[in-house]
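**Student:** I'll drop the sequence and a predicted model, then ask my questions.
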Amino acid sequence: MPDQDLIRDLAVISDRRSCALLNKQGDIVWYCPNRFDAAAIFSSLLDTAEGGSWTIRADHKDFLGRRYEGRSSVIHSNFAINGNGFTITDFMAMDADASGICRIFSTAPGATHHNIKIKGDYGLRQESYRQVSATTICIDESGLFLHSSHPLSINGGSIRLIVGKGERSWAYLGIANELDEDRMHELLEIALQKWRELETLVDYHGPYENQVRYSLRALQQMVYEPSGGIIAAATTSLPEVIAGERNYDYRYVWVRDAALITSSLTQIITNGELEEKFLAFISGAMEKNREEHASCFYAVDGSTLSDKVRQLPLAGYFGSRPVQVGNSAAKQFQLDAEANVLIACSIIYQKSGEIIYWDTVEKIADYICRNWQRKDNGIWEEEQIQHYTSSKAFAARGLELIAPYQSNEQVRKKWLENASMIRAFISEKCITKKGAFSVYPGSDKVDIACALFVPFGIYDVKDPNMLATIAELETNYSDQQLYRRNLLEFDANKEGVFLAGSCWMAHYYAIAGNIQQSKTIIDRVLDYSNDLGYFAEEADTKSGQLLGNFPQTFVHSSFICAVNAYKQALVGKESIIKPKKQ
């Protein structure tokens, strides 16, 4: 197998426009300048031979540990060189005039050698380097500058930087055409201050406090600040199955994911800003694209995307191909995505008492009423369209939860009538022979998405169909206290356990009163977070490795929901989403 970094070893620095991924050696292995979905110039994560990277080597250099400064995105990585301490401080500038990667190095106990290979278009284009001065190089095609405290040299396709023993140093790669040490430290203070301000937007106190705050950091790192959109993950083509073909581009704003994330955060301590930005993004995207309903996902700036996918001739993560840009699900009909917008809005309205972007909400609710009888692609974006039970259930609940805010009695009645018709459809057609909720009418399978039926208040925790569904999930979809989903077009037993779905089961058990089982599942999920609290989409229970794109915001929000449910259960409270009292 190629010598590639384990997903578990990755860390993130972000300026809330883009981000970079680092490994435990302090190497930068993924970086898309300016936007999360821009073409990467460091992409050795997907191809060690062709992809660009920033590596740092020293004789007898050993990793000791790493930590973020508070809730910020400033990370300190600690090493020993010849037995003496050495620290790299990495962050991304949060100043419009100096966006880029900033690196500050403590006094080196031995010589350190930097090899900086910048390759555009995900490693397919060799950049040309222009020496501006001894310590500045311009990368013309990318519009970037590399500045350093020490002389830089060009060696073929790489830039070399050598720092001698006993010397401290710094380096910067970004848009600023001039930069010195004083400015570097000023950028550090600006970044720390901005992250302190972001910390005030959302917080949590209670069980698993540190782990929840790690997840809050991850979520805030994945926000594209100009639009407020939160992306599903920072990467493309990290596989759900090693050496398999289930490799997707997740660097976009999925409406379902964004709604579920907002729902989870709204249930803890917030000041209302993130909720407003979520609604502003959905409304702005619909207006920008002249839509009567929301697309299933958008680019970070709210633009719609083509369903055309570009495949890249790269080796892939541990040989997992295709490596691709774009996502073929862009034009799918996903009923549950828009339903989750209504669910999120109902939570926001109930918490704030303020009804905002109501025109957008009405459009979505009316669209669901007109379209719920259609087959859709479901929560797992299957190519096979079906009457997915979870999509119908979420649609019914979305209409029920948003109806109390409708002042027009006739429209409110229409929404509730459609919700009743959807429920009747489920009761008549979406029950297996064993009495469980089927994946779709006629199927004898169940899916982990049904675990959300209780937290969303769709069905009671003691509903016979719900109990039969949970029993089926425990019997046929459980793996070491974690859970798999059901896929129609792929054998889900061949992929990892689905971490978001495992969190949904923990949430279910907290409401059901089985607090110990809820805690057991939460602890098992945490076994598959890394040393900085990050989750990928899935985990391989045999190898212990993380799978799928990283960091996966859907998992982080589901984890927060599960922990909050566990917290509420400890004091005898429920965490069920309920309609506003009339």
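**Tutor:** Perfect, I can see it now.
**Student:** pass me the low-pLDDT residue ranges in the stretch 151-300 of the chain, would you?
**Tutor:** Scanning the stretch 151-300 of the chain for pLDDT under 70 picks out no residues.
**Student:** ranges for the strands of it?
**Tutor:** 152-155, 158-163, 169-174, 202-203, 223-224, 229-230, 253-254, 269-270, 297-298 (DSSP state E, counting those that start in this stretch).
**Student:** check the stretch 301-450 of the chain too.
**Tutor:** Under DSSP E, counting those that start in this stretch, the stretch 301-450 of the chain gives strands at 310-312, 323-325.
**Student:** give the buried residues for the first one.
**Tutor:** Along strand 310-312, these residues count as buried under the neighbour rule (16 or more other C-beta atoms under 10 Å): Leu312. The C-beta positions use only the backbone N, C-alpha and C, and glycine is treated the same way.
**Student:** going forward, begin numbering at 21 instead of 1
**Tutor:** With the count now opening at 21, the last piece we talked about shows up as strand 330-332.
**Student:** so what strands line up beside that strand?
**Tutor:** strand 343-345 (antiparallel) (DSSP bridges).
**Student:** among the strands of the stretch 321-470 of the chain, which comes closest to Phe56?
**Tutor:** Minimum separation from Phe56 across those (C-beta to C-beta) falls at strand 343-345, 12.3 Å.
**Student:** surely Val152 is in a helix?
**Tutor:** No - under DSSP: H, G, I helix; E, B strand; the rest coil, Val152 sits outside any helix and is assigned strand.
**Student:** my read is that it contacts His167, right?
**Tutor:** No - counting by C-beta atoms under 8 Å, Val152 stays clear of His167, with 9.2 Å between them.
**Student:** more crowded one of those two?
**Tutor:** The residue with more neighbours, out of Val152 and His167, is His167; 25 against 15, by other C-beta atoms under 10 Å.
**Student:** what helix or strand is the more buried one located in?
**Tutor:** strand 164-168 (DSSP states H and E).
**Student:** what's the angle from that strand to strand 178-183?
**Tutor:** 20 degrees (axes from the mean of the first three to the mean of the last three C-alpha atoms, to 10 degrees).
**Student:** tell me where the protein is predicted with low confidence.
**Tutor:** 21-22, 602.
**Student:** show me it divided up by domain.
**Tutor:** 27-217, 220-590 (automatic domain parsing).
**Student:** helices of this protein, start to end?
**Tutor:** For the chain, the helices defined by DSSP state H occupy 140-143, 201-219, 229-241, 275-286, 293-308, 355-372, 378-391, 409-422, 429-449, 484-496, 519-532, 535-546, 573-590.
**Student:** list just the one of these that sits closest to Ala263.
**Tutor:** Across these, closest to Ala263 is helix 140-143 (C-beta to C-beta), at 19.7 Å.
**Student:** thinking again about what came up before, got the contact list for the strand holding His167?
**Tutor:** 53, 61, 120, 136, 138, 152, 155-159, 172, 179, 181, 189-200 (C-beta atoms under 8 Å, 6 or more residues apart in numbering).
**Student:** one more pass at 7 Å, please.
**Tutor:** 53, 136, 155-159, 172, 179, 181, 189, 191-197, 199 (C-beta atoms under 7 Å, 6 or more residues apart in numbering).
**Student:** next: stretch 254-272.
**Tutor:** Outside stretch 254-272, the residues touching it (C-beta under 7 Å, 6+ apart) are 27, 32, 39, 41, 50, 56-57, 66, 242, 251-253, 317-319, 325, 336-340, 342-347, 510, 514-516, 557-558, 567-571.
**Student:** kindly report the same for stretch 498-514.
**Tutor:** 261, 266, 400, 402-404, 459, 465-468, 493, 497, 517-518, 521-522, 525, 540-541, 544-545, 561.
**Student:** mind giving me the ChimeraX select for those residues, buried ones only?
**Tutor:** Buried subset of the contacts of stretch 498-514, written as a ChimeraX selection, criterion 16+ other C-beta under 10 Å:
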select :261,266,400,402,459,465,466,467,468,493,497,517,518,521,522,525,541,544,545,561
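**Student:** rewinding a little: out of the domains of the chain, which is the most enclosed?
**Tutor:** Neighbour counts (mean count of other C-beta atoms under 10 Å) averaged over each of the domains of the chain peak at domain 220-590, with a mean of 20.
**Student:** which strand residues bridge the nearest residue to Ser178 once chain neighbours are set aside?
**Tutor:** In space, and not counting its chain neighbours, Ser178 is closest to Lys137: 4.7 Å by C-beta to C-beta, 6 or more residues apart in numbering. Under DSSP bridges, the beta-bridge partners of Lys137 are Ser73.
**Student:** Lys137: what's it in contact with?
**Tutor:** Lys137 neighbours (C-beta under 7 Å, 6+ apart): Gly72, Ser73, Gly177, Ser178.
**Student:** Asp25 versus the second one, what's the distance?
**Tutor:** Computed as C-beta to C-beta, to the nearest Å, the Ser73 to Asp25 distance reads 10 Å.
**Student:** swap in Gly292?
**Tutor:** Taking C-beta to C-beta, one finds Gly292 at 39 Å from Asp25.
**Student:** Leu567 now?
**Tutor:** 14 Å.
**Student:** kindly report the same for Gln231.
**Tutor:** 23 Å.
**Student:** could you do Glu219 as well?
**Tutor:** From Glu219 to Asp25 the distance is 29 Å (C-beta to C-beta).
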